[in-house]
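# Kindly generate the corresponding structure for this input.
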Amino acid sequence: MASKVHVVVLKAGLPTVAEARKRLILELDNAKRRGNIALKLIHGYGSSGIGGKLKDAIRRSLRRRQKEGKIRSFVVGEKWDIFEESVREILEKCPELAKDQDLNNYNEGITIVLL
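The predicted structure follows:
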């Protein structure tokens, strides 16, 4: 059975914010076509000075995509914790994510997206 979660390493190759946003849009469309339920975005957290810009820009972009109805929701890595109600809702829709190594680990460098 194919995975319902697709991992996207947006920080690979140290892209500009514009390049990362473009890739995010493409990955969202591709994930929906593949039948994925969720995306795990790895954007970094800013230790190099790049990740912080990417993290903020990607999360702003995701807020826009949510308002437009292109994604259901997303959870930032700092809140990727089973005690968060929004996380429990995502895990209910995509139980595969319960095995995610970053769950309960306060990882600022990731964001989980429910499509």
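
# And the worst-scoring helix or strand of the chain on mean pLDDT, what's buried?
Using mean pLDDT, DSSP states H and E, helix 51-67 stands out as the lowest-scoring helix or strand of the chain, at a mean of 91. Residues 51-55, 57-58, 61-62, 65 are the ones in helix 51-67 that count as buried (16 or more other Cβ atoms under 10 Å). C-betas here are computed from N, CA, C, even on glycine.

# Of those residues, just say which sits nearest to Ile112.
Leu62 (10.2 Å; Cβ to Cβ).

# Secondary structure element holding Val75?
Using DSSP states H and E, Val75 sits within strand 73-76.

# What is whatever helix or strand comes next after that strand packed up against?
Per DSSP H and E, the first helix or strand lying C-terminal to strand 73-76 is helix 85-93. Packing partners of helix 85-93 (3 or more Cβ pairs under 8 Å, 6 or more residues apart in numbering; DSSP states H and E): strand 73-76, strand 110-114.
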